[in-house]
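K.L.:
Fold the following, please.
(chains A and B)
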2 protein chains.
Amino acid sequence: MYSFEDLSSQFIDKFSVDHFPKEPQSLYEPNNYFLQLGGKRVRPVLCLMGNELFDEILPDAWDVATAIELFHNFTLIHDDIMDKAPLRRGMQTVHERWGSSTALLAGDVMLIQAYEYLNKVSSKYVKQLIALFNKTAREICEGQQLDMDFEKIQNIRFEEYEHMISLKTSVLLAASLQMGAILGGSGKRNQDLLYEFGRKLGLAFQVQDDYLDAFGDPKKFGKQLGGDIKANKKTFLLIHAMETASPEYKEKLDRLLEEDHANKVDDVLDIYKKCKVDEWAEELKEKFLLQAFNHLEDIAVLSKRKEPLKKLALYLTKREH
Amino acid sequence: MYSFEDLSSQFIDKFSVDHFPKEPQSLYEPNNYFLQLGGKRVRPVLCLMGNELFDEILPDAWDVATAIELFHNFTLIHDDIMDKAPLRRGMQTVHERWGSSTALLAGDVMLIQAYEYLNKVSSKYVKQLIALFNKTAREICEGQQLDMDFEKIQNIRFEEYEHMISLKTSVLLAASLQMGAILGGSGKRNQDLLYEFGRKLGLAFQVQDDYLDAFGDPKKFGKQLGGDIKANKKTFLLIHAMETASPEYKEKLDRLLEEDHANKVDDVLDIYKKCKVDEWAEELKEKFLLQAFNHLEDIAVLSKRKEPLKKLALYLTKREH
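P.N.:
Next up is the predicted model:
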């Protein structure tokens, strides 16, 4: 069995080839630029690990992993346009550098190329994989649309927010694992358990993300704390604070969200702490993580095969940056 | 054998079902709105006709036809964003009505749904069809990018322009026919001939489009003449005029392209006529059409099976509106 780190470096190696034709350069240069911005390539590696949970890694799994990573990059290019984000991994976004029309097209062709890799898979699995891929892709679009809808609504219920995050973030982790499981010859029940492991892990991951932005150790976090607060971004923390704060604190929060003064981050953090949002977030993360591990536990393969996934789950949710 | 009109009305009937989930409405309402703007549905019907050229229409052909029409609508939604077009078929475009972020996502999910229909096709053909679909989709993105690149360049050679139009417009007609032929059990040589028939027909169609905008009968054309000239749009006519006009006329044209005065359309048309661009365009269209018919002629099936395609080709290229 391989560790996440092993597979990540193997995948990064195999992925560093040309995925697009040379011409027209005006279309494909932005794609190549974006792909070389790098990343840990968590999702494709989850596909490889999902495969290896049940059997040796098939050659097909590398193509599916590549399709997943291209798909993920398609969503990033288009999300950056929608968010008007100037930077990605500290570098210019595609729309910032080449304009939004080219970024739109570069994203489109990235998605098409993902299907090209999926279509390389042997006939035995191709339809099943494309069906899961399509469902997941559709859900991610739905999650992004809901996220945009929620920006315009003041009070979002926790369940609505969790549902949106599940679509926007978790289902791709879940489906990556399941696609690997399909290639590993897993039965449906094990596939479903692995999918739910991934989905809950994705939720725990997002809670950790939101927590670090507010309560991280500034020395380890790497960027300034409170970015989400400054941007009025809805997070697990804000949703919970709005739902549970006393009328007095809720009114204060409402006012802070409308303003943009120098102490905003400190003032919001102060309310978060008074409402014990930090403790609640830790518990929520642990709850999701426990649910994830319970699903993993139930998968009918030898425990020791599950070790790499357990280690990865802990790494992703205990990280401090 | 069915005529184009028969198949078009059958397809429109079958296509008028829900292609998307109900929720979230904020994502799928724009898609449903856009699809019901209508159209002759030429591309999906070409798929059905390509199938029927070789055999009775398979149930699978209706799914592939649906995929093609959804794909075409995906390109229209995204093209409208890039062109900042306010109207499509006299109605508000998606980005105009719901904003460009939702239009971007609505297009994305339309493309994903196209693959969902493709994936319904029986295992025997699915990989071959998706491979052709992917190649075509990639080429259409390339054509759109080249079209945008050409906007910034004054002098485009005829061959470059023809190549761009072939990618942007013709390959989808060609591939629609070929996908039908694949389902009809056609051999590779007949598939290739049918593809080239469609590609050349697409070029003839585009020449006719450009010709009508400049030299159409105002009573029959339905919209104001000279729209392309007003918008400084590159067309077969303008490309040819720029390449062949005398230095005097070329200078005049250059100046007219930079200005925006009341007589612009008349002045450009005057130069077109003096350079005999109208006669040249008629000849060019006939040349493409003849090439198309020669390819059709070479396909090894009984002549009478080709009649509906011949009639359609004449209808598309002799139309006056």
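
K.L.:
Unless I misread the structure, residue A:261 falls within a strand.
P.N.:
No. Per DSSP: H, G, I helix; E, B strand; the rest coil, residue A:261 lies outside any strand segment and is coil.

K.L.:
Just give me the neighbour total for it.
P.N.:
When neighbours are counted by other Cβ atoms under 10 Å in any protein chain shown, residue A:261 registers 7. Bear in mind the C-beta positions are built from the backbone N, C-alpha and C, glycine included.

K.L.:
if I look at it, how far off is chain B?
P.N.:
Note on residue A:261: its distance to chain B, by Cβ to the nearest Cβ, to the nearest Å, is 29 Å.

K.L.:
Got the phi and psi for that residue?
P.N.:
Taking degrees, to the nearest 10, you get phi -100, psi 170 for the backbone angles of residue A:261.

K.L.:
swap in residue A:87?
P.N.:
Main-chain dihedrals, residue A:87, degrees, to the nearest 10: phi -130, psi 150.

K.L.:
Who are the contact partners of it?
P.N.:
Neighbouring residues of residue A:87 by Cβ atoms under 8 Å, 6 or more residues apart in numbering or on different chains: A:93, A:96.

K.L.:
And it, how far from residue A:43?
P.N.:
Residue A:87 is 21 Å from residue A:43, where distance means Cβ to Cβ, to the nearest Å.

K.L.:
all helices of the stretch 201-321 of chain A, in order?
P.N.:
Assigned by DSSP state H, counting those that start in this stretch, the helices in the stretch 201-321 of chain A fall at A:218-221, A:227-230, A:236-244, A:247-258, A:264-274, A:277-298, A:303-318.

K.L.:
Strands of chain A, start to end?
P.N.:
Shown for chain A, the strands assigned by DSSP state E span residues A:87-88, A:91-92.

K.L.:
and the gap between the most centrally placed residue in chain A and chain B?
P.N.:
For chain A, residue A:169 is the residue whose C-alpha lies nearest the centre (Cα atoms, centre = their mean; 4.1 Å). Separation of residue A:169 from chain B (Cβ to the nearest Cβ) stands at 16 Å.

K.L.:
okay but that residue is in contact with residue A:200, surely?
P.N.:
No. Judged on Cβ atoms under 8 Å, residue A:169 makes no contact with residue A:200 at a distance of 11.8 Å.

K.L.:
Can you tell me which of the helices of the stretch 201-321 of chain A is packed in deepest?
P.N.:
Sort the helices of the stretch 201-321 of chain A by mean neighbour count, taking mean count of other Cβ atoms under 10 Å in any protein chain shown, and helix A:236-244 sits at the top with a mean of 20.

K.L.:
quick revisit: may I see the helices of the stretch 201-321 of chain A organised as TSV, with distance to residue B:129 added?
P.N.:
Output for these, formatted as TSV (distance: least, Cβ to Cβ, whole Å):
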stretch	distance to residue B:129
helix A:218-221	49
helix A:227-230	45
helix A:236-244	43
helix A:247-258	51
helix A:264-274	53
helix A:277-298	36
helix A:303-318	36
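
K.L.:
out of those helices, which comes closest to residue A:124?
P.N.:
helix A:303-318 (22.8 Å; Cβ to Cβ).

K.L.:
Relative to the whole chain's centre, how far out is that closest one?
P.N.:
With Cα atoms, centre = their mean, to the nearest Å as the basis, helix A:303-318 stands 17 Å off its chain's centre.
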